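*Asks:* pasting the structure only:
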């Protein structure tokens, strides 16, 4: 039995919080796989909009670009709040994900994107968060990569690391990375690295 949105009966929606993000509580029931309806359940959903994440990769030098910055989530969880991750940013209303990927790559690393390939589009935490993520690999030139970047008016202080892919894979296997997109992207790169090095040619950056 194929189920879709018509198989959800929403009774009430209550706004719990609204600021930079928002949270709602849904009272609903949904059709079960046997065709019957569930009992009414409450589900709280955090809405932070949609986002992109980008793994910058230089196929000629076989290097990836990894960024490091303070993150409030791990801090609130009692963990080390400086996280190694990949470029990421929010998609604003009316923006195309690939446009955001190119912009965020330049803002966070100072690098222009020569080519952009979609790795996957997915919900990072569908049980309680409505965010939908577009994850990309970007062809970049790492010759002059480094330093600190980000938008000062957004409180960003982003340090850029240029890492050989073999080192990044070893760090991945050791558990050094703690962010979902970088783990997903590096596993994808390890499986597709040789193909990318064959297929991604040179050319001017945009």
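*Replies:* Nice, I can see it. Note that the coordinates shown come from a computational prediction; the quantities given were computed from them, not determined experimentally.
*Asks:* got the domain boundaries for this protein?
*Replies:* As recorded under automatic domain parsing, the domains making up the chain are 5-47, 50-199.
*Asks:* mind putting these in CSV, mean pLDDT included?
*Replies:* Listed next are the domains of the chain as CSV, based on pLDDT from 0 to 100:
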stretch, mean pLDDT
domain 5-47, 96
domain 50-199, 96
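*Asks:* the protein: helices as residue ranges?
*Replies:* For the chain, the helices defined by DSSP state H cover 72-76, 97-109, 165-174, 180-199.
*Asks:* contacts for the first one?
*Replies:* What it means is helix 72-76. 80-81, 83, 178 (CB atoms under 8 Å, 6 or more residues apart in numbering). From N, CA and C alone the C-beta is placed, and that goes for glycine too.
*Asks:* the third one now?
*Replies:* For helix 165-174, the surrounding residues in contact (CB under 8 Å, 6+ apart) are 57, 62-64, 66, 163, 177, 183, 186-187, 189-190, 193.
*Asks:* out of the helices of the chain, which is closest to residue 151?
*Replies:* helix 97-109 (6.1 Å; CB to CB).
*Asks:* who's in contact with the nearest residue to residue 89 once chain neighbours are set aside?
*Replies:* Nearest non-adjacent residue to residue 89, counting by CB to CB, 6 or more residues apart in numbering: residue 104, 3.6 Å away. Going by CB under 8 Å, 6+ apart, residue 104 touches 52, 54, 87-89.
*Asks:* mind listing which of those residues are in strands?
*Replies:* Among the contacts of residue 104, the members falling in strands are 52, 54, 87-89 (criterion: DSSP state E).
*Asks:* quick one: strands adjacent to the longest strand belonging to the chain?
*Replies:* Using DSSP E to define each element, the chain has its longest strand at strand 8-18. Taking DSSP bridges as the criterion, strand 8-18 sits next to strand 22-30 (antiparallel) in its sheet.
*Asks:* done for today, thanks.
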